[in-house]
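Undergrad: Structure of the sequence below:
(3 chains)
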Amino acid sequence: MTAKQKKTGLVEVYNKLLGQFGHKHWWPADTPFEVVAGAILTQQTKWENVEKAIKNLKEEELMDAEPLSEANLEKLEELVRCTGFYRQKARRLKDISMFFFKNPDILEKPADELRDALLSLNGVGEETADSIVLYAADKPRFVIDAYTRRICRCMGLEGGYPELQSLFEDSIPEDVPMYKEFHALIVEYGKQFCGKKRCTECIIVKNGKM
DNA sequence: CACCAGGTTGACC
DNA sequence: GGTCAACATGGT
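TA: Numbers count the residues shown, from 1 in each chain, chains lettered A, B, ... in the order given. Next up is the predicted model:
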């Protein structure tokens, strides 16, 4: 805790979630590029389905920027069909792969530059861009997803993506492993207790003072 | 059968 | 500036 950090209670939430769920070892991947591909595939889909698609791509030797960017579109669609939205995802995978093939050192660039470049690609919004910045490039950008918004709402914290992201980044230490773990814990917690309509057994709000 | 999942986009106020 | 249907499969 440095002096300029906001007292939002988010650090306490982090500790509580860590105590309840333990380390999640999130986003397992053999290579940074696999995180990139996974970031597209996981949009609005269960990770379980993404794993199948990743397995399919690996079996076809496509899990790398060059081969994936050159893959046959119809074939790609079949390989990623299990993740839903398969036509746009196949197209987007080829696009982002081409980008990484043409910019092999992009993950080494400063976080802001990387993020802006990613956002310029079709199919890459703020969450996907930040997921790549954090989990593929290992740079400190807090990822805000639907569960994070719901949990924040429960805590009386509202705002758009940039507002919530700044809130987290100003409230907790700028630590990449912690950013990764916290987001993973929020998703784990959200899957169990923060449904779209219900919010039961909420350890964050229910147990008070957070 | 209805609803949801580790979102993004483009159209329309 | 915000809201909303469309995108699509697979699991409860």
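Undergrad: Please count neighbours and contacts with C-alpha atoms only from this point.
TA: Noted.
Undergrad: Which strands and helices lie in contact with the helix or strand where residue A:20 lies?
TA: Using DSSP states H and E, residue A:20 falls within helix A:10-21. With contacts taken as 3 or more CA pairs under 8 Å, 6 or more residues apart in numbering; DSSP states H and E, helix A:10-21 sits against helix A:161-171, helix A:176-193.
Undergrad: can you list contacts of the longest one?
TA: Taking CA atoms under 8 Å, 6 or more residues apart in numbering as the criterion, the residues outside helix A:176-193 that touch it are A:14, A:17-18, A:21, A:23-26, A:134-135, A:138-144, A:147-148, A:151, A:199-202.
Undergrad: how far out from the middle of the chain is that helix?
TA: Relative to the mean C-alpha coordinate of its chain, helix A:176-193 is positioned 10 Å out (CA atoms, centre = their mean, to the nearest Å).
Undergrad: Next to DNA strand C, which bits of chain A? Give me the list.
TA: When proximity is defined as CA under 7 Å from any atom of the strand, chain A approaches DNA strand C at A:44-45, A:49, A:81-89, A:160.
Undergrad: and the residue minimising distance to the centre of chain A, how far is that from residue A:12?
TA: Centroid-nearest residue in chain A: residue A:131, 3.6 Å away (criterion: CA atoms, centre = their mean). Relative to residue A:12, residue A:131 is positioned 23 Å away (CA to CA, to the nearest Å).
Undergrad: one step back: quick one: buried ones out of the contacts of helix A:176-193?
TA: A:14, A:17-18, A:134-135, A:138-144, A:147-148, A:151, A:199, A:202 (16 or more other CA atoms under 10 Å).
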